[in-house]
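Participant: Got a sequence here, can you model it:
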Amino acid sequence: MASNGNAKRTIRFAVVGLGHFAQTAILPAFAGTKKCELVALFSNDGTKLDELKRKYHVKHALPYEGYDELLRSGAVDAVYIALPNDMHCDFTVRAAAAHVHVLCEKPMAINSEECERMITACDAGKVKLMIAYRLHFEEANLSTIELLNSGKLGEARYFTSAFSQQVTEGNIRTKAEHGGGPVFDIGIYCINAVRYLFRAEPTEVFAYRASKAGDERFREISEQMSVVMQFPDQRLASFICGFGASKESFYDVVCTDGRLRLDPAYDHARDLYQEVRFPDGKVKTTKFKKRDQIAAELVYFADCINKDKAPEPSGREGLADLRVIEAIHQSARTKYAVPVRPIAPKPRPSLQQEHKEPPHDKPETVHVQSPSH
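Facilitator: Below you'll find the predicted structure:
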């Protein structure tokens, strides 16, 4: 239920959806958190429910049809929604109606109208809505923001990035009806990164999509997407994301007096490396050790609930990315540049949000396959 003002109470969570990411990253993260307790699981897979209930000593393990009743019972304070993208809105609105706080995986929804509905429902239910942008609490990305803001490299002028992997055939990420495709799944990281690095919103985008002929994985979605974004002050950003290439995850920011690279940039299970070339030509490489990025989210969200603070990243952060994604897909269809619907200024991530939580070992999974290989 909504916060009672006690800043020390433990927040009881339900995890909704037990796919690969939930099992390998979300569920084990609770063991390393303070003031966060995993008390409920939801899935329509009985084997998952039985085995994971025993493994994590969870009190409630229910099919989705039991969702509303458990939330109304007062047994949980917050839900972590890890469902397919097209289910995010419905389960968020229902949680808000039961006055239960919501931490929702990205993308927030499959269109901006659903995002706005989620925001309205959580405002009406007087509950917190946070979107699970784990890199908003991760030191490598936050220190990159700090360095760019310092002016030591001059003014950031352009951003380039790539994020790719080989998606497995039949994975839900390849299903258009569920909000699949590389832009929704991994391109969103590139979009979000340049927005928090430039501290601005794109005004226009142009996109081009491609798919290898005969590859059954891409019957419903594009294999890859190349995007250029125009930002205020005549800055440009470009990225390419894809489901049919080797694993890559990096970005470069070229400034008037230097350059910065993060490689890998978006991973949650590896060390991250930051390389900076300063105006005097010196190059510095910094290693950021792997941390539990999900545990950091949980701890931060519990603190927001207990202290009645508005979370960053909020629902408006999720909405901003969806507006960019909608413009990208429209541009890819029409082959024209498309303006991005503006969003009012909002808080952005900073180094003050950094949380360092120790990593966990990768657990055994139940009835799921890795989405990529």
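
Participant: residue ranges for the strands of the stretch 101-250 of the chain, please.
Facilitator: 101-104, 129-131, 156-166, 204-210, 224-231, 235-242, 244-255 (DSSP state E, counting those that start in this stretch).

Participant: Now do the second one, average pLDDT.
Facilitator: Strand 129-131 shows a mean pLDDT of 98 in the predicted model.

Participant: which one of the strands of the stretch 101-250 of the chain lies closest to V338?
Facilitator: Nearest of the strands of the stretch 101-250 of the chain to V338, taken as CB to CB: strand 204-210 at 5.8 Å. The C-beta positions use only the backbone N, C-alpha and C, and glycine is treated the same way.

Participant: what's around T334, how many residues?
Facilitator: 10 (other CB atoms under 10 Å).

Participant: and for stretch 168-184, what are the contacting residues?
Facilitator: 19, 84-86, 107, 109-110, 164, 167, 185, 216-225, 227, 241-243, 325, 328-329, 369-373 (CB atoms under 8 Å, 6 or more residues apart in numbering).

Participant: Whichever of the residues you listed end up buried, select them in ChimeraX.
Facilitator: Buried subset of the contacts of stretch 168-184, written as a ChimeraX selection, criterion 16 or more other CB atoms under 10 Å:
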select :19,84,85,86,107,109,110,164,167,185,217,218,221,222,223,224,225,227,241,242,243,325,328,329,371,372
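
Participant: still on that earlier bit, dump the strands of the stretch 101-250 of the chain into TSV; add distance to R270 as well.
Facilitator: TSV is the format used below for those (distance: least, CB to CB, whole Å):
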stretch	distance to R270
strand 101-104	23
strand 129-131	23
strand 156-166	13
strand 204-210	28
strand 224-231	22
strand 235-242	18
strand 244-255	9
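
Participant: Look through the protein and tell me its longest helix.
Facilitator: What stands out as the longest helix in the chain, according to DSSP state H, is helix 315-334.

Participant: how far is that helix from where the chain is centred?
Facilitator: Here helix 315-334 is found 15 Å from its chain centre; the criterion is CA atoms, centre = their mean, to the nearest Å.

Participant: now do stretch 303-312
Facilitator: Per CA atoms, centre = their mean, the centroid offset for stretch 303-312 relative to its chain is 18 Å.

Participant: now the angle from the longest helix of the chain to strand 224-231?
Facilitator: Calculated by axes from the mean of the first three to the mean of the last three CA atoms, to 10 degrees, helix 315-334 forms an angle of 120 degrees with strand 224-231.

Participant: Can you name every helix or strand that helix 315-334 contacts?
Facilitator: Under the contact criterion of 3 or more CB pairs under 8 Å, 6 or more residues apart in numbering; DSSP states H and E, helix 315-334 touches helix 112-124, strand 129-131, helix 188-198, strand 204-210, strand 224-231, strand 338-339.
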